[in-house]
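K.L.:
sequence plus predicted model, see below.
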Amino acid sequence: AGLDRHTRELTDKRSKVLGESYRLFYRKPVHLVKGQGQYLWDAAGDKYLDVYNNVASIGHCHPAVINAVNEQMHQLNTHTRYLHERILDYSEDILSTMPTAIDRAMYMCTGSEANDLAMRVARSYSSGTGIIVTQEAYHGTSALTSGASPALGTGQTLDATTRLLPSPDHYRLSDVDLGHWFAQQMQAQIDDMAAHGIKFAGFLADSIFSSDGVLPGTAGFMQEAIDVVHQNGGIFIADEVQPGFARTGEAFWGFARHALVPDIVTVGKPMGNGIPVSGLFAKSDVLASFSDHIPYFNTFGGNPVAMAAAQAVLTVIRDENLQEHSLTVGRKLLTELQTLMDKHECVGDVRGAGLFIGFELVKDRASKEADQQLALDVIERLREKHVLTSVAGPYGNVLKLRPPLAFQEQDIDWLVGALDESLTELTA
Ligand code: PMP
C-alpha cells in the first residue's frame, strides 16, 4: 500500500526470484540509483543523506578507487598463484598500521571468510574448539561464523562449542568497573567450557560491539579480559569489519583504541570501498600452526584489482586525513545529538567514537527500558526526511549512526534536525 508502480514492480519481482532470506529496509523501500560522497539519489531523483554505510567509507563512488580499479582492470586481473607487486606493496603498507607482532597477511573477499579462517586458525593454534563471542554478535554467513553469530536470532543454531559473553553495556552497567566485570564474565565462560569438556580456542570480538548496540566503552577497558583470554591459552581475534579503517577517529583500528595487541585481525567492508576484498592479519607463529599444514587458496582473494582498490582506500584515508576528520566531525555530531536529550525524554543515551554513534531510545530513563517500537518508527520517519540509517542492539532500540567518513560538518543539521522533528512528531 502507498507504493508507486515501479517500486511495486521491483518488490514483486524480488519476492518471485530471490531467496526468501533477503530483507529490505523500510516499509516503503528505497530504490537507489546513484551515490556520491555521503549522498545518495533514488530513481525519482531525490537526494538522501547516508548515515549508515561503512562500506563506502571514504565516500560513495570515490574517484581514486574508480580510477585504480579501472586502470588495473585494463591491465590484468588474476589470482595469487602468480607473482604480482600489488599484493606485496599493499601488505607492507597495511601491516605498517598494525602492531609489529602482526606480520602476516592473507586475503579473501568477505568478512565472513576472514572470520571463518580466523576461527580455523584459532582452533589449530590452541588445539581447542571453543569460541567466545558477545551476546548479540554477528561474525558472518559461513557455517562456522553463523554458528558464532547470535544476532541471527533463534532460527540459527549456535555451535555447541560457542559461548556467549554478556555485552559490555556500559549504559545499563553504569555501576560496575566495566573492565573488571568483563574479565570476570570471560573467565566464567571459559570455565563453563571446561566443565563441558570443551577446550578454549579464542575470543572473537568487534571492539565497538556494533551489533550489541554500539558500545565503545572507555578506551582500554578490554585489556583485562584479553589478559584472561591469553592466560587460558586462547587467542584474541579482533573483528575490525566495523571499527576499522579510521572509523573511530581515536585510532586507525578499533583494537588500537583499546591499546590491545590481537593475535589475529580480520577486516572487510570498508577495505575496498565497495570492491569485495577482505583480509586476515596475524602473528606469524599463530598463523603457522594452520598454514604449515593446510594450504589456502581463495580464487578472488588478493587479486590485483581488489588490491588496487584497497591501496586507493588506504592512500585516501591518509591523504584526506580521514581519521582526524572522523574524530573532529564525530565529536561535533555527538555533542549536537546529546543536546536532543534536553528536549526528548525518550533519548536514554548517546555514545560513540568518531563517526560511529549509538543513539538509544528508552520508555523511561530511570528503568532504561528499551523502546524498540519508537526506534523503528524513527527510522521510518527519518527515511521520509531522506536520512538513511538503521537500528542495532539486543532490543533493537539503538539507532546506529555510522555515515561514510565523507560526512561533513554541514550535514549535521540535516541529520540532527530530522531526528529532532521525528522524535517530536512521534512522542507529541
Ligand atoms: N563481522 C562483522 C562485525 C560484521 O558486521 C560483518 C557484516 N555485517 C561481518 C563480520 C561479515 O562480513 P561480510 O558480510 O562481508 O561477510
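P.N.:
Noted; the coordinates are in hand.
K.L.:
center of the protein, which residue is that?
P.N.:
residue 242 (2.1 Å; Cα atoms, centre = their mean).
K.L.:
tally of neighbours for the one residue in the stretch 101-250 of the chain that gets nearest to the ligand?
P.N.:
Closest residue of the stretch 101-250 of the chain to the ligand, Cβ to the nearest ligand atom: residue 111 (2.5 Å). Placement of C-beta: from N, CA and C, glycine included. For residue 111, the neighbour count with other Cβ atoms under 10 Å is 26.
K.L.:
now do the contacts for it.
P.N.:
139-140, 239, 241, 266-269, 278 (Cβ atoms under 8 Å, 6 or more residues apart in numbering).
K.L.:
want to throw those into CSV with pLDDT?
P.N.:
Formatted as CSV, the contacts of residue 111 follow (pLDDT from 0 to 100):
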residue, pLDDT
139, 98
140, 98
239, 98
241, 98
266, 99
267, 98
268, 98
269, 98
278, 98
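K.L.:
also near the ligand: which of those residues, exactly?
P.N.:
Applying Cβ under 6 Å from any ligand atom to the contacts of residue 111, one finds that 139-140, 239, 241, 268-269 fall near the ligand.
K.L.:
what about the residues you listed, which are in strands?
P.N.:
Judged by DSSP state E, these include residue 239 as members of strands.
K.L.:
export the ones next to the ligand among the contacts of residue 111 as JSON lines, with columns for neighbour count.
P.N.:
As requested, these are exported to JSON lines (neighbours: other Cβ atoms under 10 Å):
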{"residue": "139", "neighbour count": "32"}
{"residue": "140", "neighbour count": "26"}
{"residue": "239", "neighbour count": "31"}
{"residue": "241", "neighbour count": "27"}
{"residue": "268", "neighbour count": "27"}
{"residue": "269", "neighbour count": "23"}
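K.L.:
before we move on, back to that, for residue 278, see how far away the residue lying closest to the residue of the stretch 101-250 of the chain closest to the ligand once chain neighbours are set aside is.
P.N.:
For residue 111, ignoring the flanking residues on the chain, the nearest one in space by Cβ to Cβ, 6 or more residues apart in numbering is residue 268 at 3.0 Å. Distance of residue 268 to residue 278, given as Cβ to Cβ, to the nearest Å: 4 Å.
K.L.:
intersection of neighbour lists for those two?
P.N.:
Each of 110-111, 114, 241 lies in contact with both residue 268 and residue 278 under the rule Cβ under 8 Å, 6+ apart.
K.L.:
among those, which are in helices?
P.N.:
Counting by DSSP state H, those place 111, 114 in helices.
K.L.:
quick one: which two of the shared contacts of residue 268 and residue 278 are the most distant?
P.N.:
Within those, 110 and 241 form the most distant pair, 9.3 Å apart (Cβ to Cβ).
K.L.:
which residues are in contact with both of those two?
P.N.:
Between them, residue 110 and residue 241 share these contacting residues under Cβ under 8 Å, 6+ apart: 268, 278.
K.L.:
residue 316 touches residue 62, doesn't it?
P.N.:
Yes - Residue 316 is in contact with residue 62 according to Cβ atoms under 8 Å; the separation is 6.4 Å.
K.L.:
those two - which one has more neighbours?
P.N.:
Neighbours were tallied for residue 316 and for residue 62 using other Cβ under 10 Å; the higher tally belongs to residue 62 (24 against 21).
K.L.:
quick check: pLDDT value at that one.
P.N.:
Per-residue pLDDT puts residue 62 at 98.
K.L.:
so who does it touch?
P.N.:
With Cβ under 8 Å, 6+ apart, residue 62 has these contacts: 56, 273, 312, 316, 406.
K.L.:
among those residues, which lie within helices?
P.N.:
Using DSSP H, the contacts of residue 62 in helices are 312, 316.
K.L.:
closest to residue 395 out of the contacts of residue 62?
P.N.:
Nearest member of the contacts of residue 62 to residue 395, counting by Cβ to Cβ, is residue 56, at 28.1 Å.
K.L.:
number of residues surrounding the closest one?
P.N.:
Using other Cβ under 10 Å, residue 56 is surrounded by 24 other residues.
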